[in-house]
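Novice: What shape does this take:
(one chain, ligands or ions: 1)
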Amino acid sequence: MNDLSLPAQPVPPAPLAPSQEAIRVHRASVVYPGADAPVHALQTVDLSIRQGEFVSLIGPSGCGKTTLLRVIADLEPLTSGELRVNGMSAHEARLARAYGYVFQAPALFPWRTVLANVMLPLQIQGRLPGQCEAIAREQLARVGLAGFEKKYPWQLSGGMQQRVSIARALGFEPRLLMMDEPFGALDDLNQQLQDLWRREGRTVVFVTHSIAEAVYLSTRIVVMSPRPGRIVKVIDSPLPAERTLAMRDTPAFMALAHEVREALAEGHHG
Ligand SMILES: Nc1ncnc2c1ncn2[C@@H]1O[C@H](COP(=O)(O)OP(=O)(O)OP(=O)(O)O)[C@@H](O)[C@H]1O
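Specialist: Here you go, the predicted structure:
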């Protein structure tokens with residue numbers, strides 16, 4: 001009998017080198033003052049996200065998805081717990097412009113043209129003017145807005161404005177991208193985001209209400225539940241990295257969607 005026929009020894013998972021970890025959330029709680037009683041938006045949440053992962057946060061309205069994204073982005077303080085972003089505190093990561101953030105509603109400057117909105121973070125980065133414009137034009141073309149550069153945000157539909165804010169967040173090439181329900185009805189952008197993630201290996205934290213969107217895009221799905229906001233299940237996707245729309249009819253895709261649906265129901269009743 002040779003060694004290969006011996007039962008495999010269980011191999012403990014390799015410890016995660018700090019450089020591989022994009023985000024670590026440790027026993028994080030956020031309590032908002034409420035009119036009647038304090039709101040426990042997040043209660044002792046633990047989550048570690050490695051670089052290059054695409055992680056979706058899914059759960060019913062009010063379960064703390066946006067709050068979790070906002071504390072990671074240093075837009076909201078933690079009431080207790082700890083947080084590291086690319087090895088830094090959330091505040092240091094914000095100052096270092098370590099991430100891009102796409103808000104639930106597009107936050108564009110109305111007095112700047114579409115092109116000037118997308119150029120802004122590049123200008124703040126100190127890039128040469130010609131470079132800023134070339135990158136901004138390229139990003140706008142990627143989200144299907146070539147030809148709209150000179151328009152103002154108010155001349156575009158809500159969906160088109162959202163595309164501008166996605167182009168703006170992608171333009172300065174952050175290693176970490178946080179997106180709070182960026183698509184709405186724009187599910188044709190799913191494919192583009194998937195391609196981009198595969199090509200460039202960025203870390204994405206993505207908030208969604210849609211099971212199909214989460215299953216289609218993610219390497220891991222974090223299912224959350226409200227009152228208090230907490231993580232009820234973290235599901236690793238068994239799907240291959242390359243996703244195609246045809247995959248949505250496969251047994252593996254449907255089984256994963258079912259698992260997410262069950263976890264949401266458990267969180268609802270639990
Ligand atoms: N600034 C605030 N002050 C008080 N309560 C807040 C504040 N922001 C959020 N909350 C409350 O905290 C809880 C979590 O809200 P959060 O927006 O994080 O949930 P969500 O899962 O993103 O919801 P949705 O899917 O509707 O966007 C909710 O009960 C919400 O009402």
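Novice: pretty sure R94 is touching I72, no?
Specialist: No - R94 is beyond contact range of I72, at 9.8 Å (criterion: C-beta atoms under 8 Å). All C-beta spots, glycine's among them, are computed from the backbone N, C-alpha and C.
Novice: how about Q43, secondary structure?
Specialist: strand (DSSP: H, G, I helix; E, B strand; the rest coil).
Novice: In contact with the closest residue to it other than its chain neighbours, which residues?
Specialist: Nearest non-adjacent residue to Q43, counting by C-beta to C-beta, 6 or more residues apart in numbering: P228, 3.7 Å away. The contact partners of P228, by C-beta atoms under 8 Å, 6 or more residues apart in numbering, come to H40, A41, L42, Q43, G64.
Novice: P228 and G62, how far apart?
Specialist: 10 Å (C-beta to C-beta, to the nearest Å).
Novice: rewinding a little: more neighbours, R94 and I72?
Specialist: Shown here are R94 and I72; by other C-beta atoms under 10 Å, I72 has more neighbours (26 against 17).
Novice: On the pLDDT front, check that one for me.
Specialist: I72 carries a pLDDT score of 95 in this model.
Novice: how close does it sit to L83?
Specialist: Between I72 and L83 the distance is 7 Å, computed by C-beta to C-beta.
Novice: which element is C132 on?
Specialist: helix 129-142 (DSSP states H and E).
Novice: count of neighbours near the closest residue to the ligand within the stretch 101-250 of the chain?
Specialist: Nearest residue of the stretch 101-250 of the chain to the ligand, counting by C-beta to the nearest ligand atom: G229, 5.5 Å away. Around G229 sit 23 other residues, with neighbours defined as other C-beta under 10 Å.
Novice: give me the low-pLDDT residue ranges for the stretch 1-150 of the chain?
Specialist: Confidence mapping of the stretch 1-150 of the chain against pLDDT under 70 gives the ranges 1-19.
Novice: And the strands in it?
Specialist: 21-32, 39-50, 54-58, 80-85, 99-102 (DSSP state E, counting those that start in this stretch).
Novice: can you list those strands in a markdown table and add distance to A136 and mean neighbour count?
Specialist: Formatted as a markdown table, the strands of the stretch 1-150 of the chain follow (distance: least, C-beta to C-beta, whole Å; neighbours: other C-beta atoms under 10 Å):
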| stretch | distance to A136 | mean neighbour count |
| --- | --- | --- |
| strand 21-32 | 26 | 19 |
| strand 39-50 | 28 | 20 |
| strand 54-58 | 25 | 24 |
| strand 80-85 | 26 | 18 |
| strand 99-102 | 14 | 23 |
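Novice: Would you mind confirming that T67 is in contact with L78?
Specialist: No - T67 is beyond contact range of L78, at 10.0 Å (criterion: C-beta under 8 Å).
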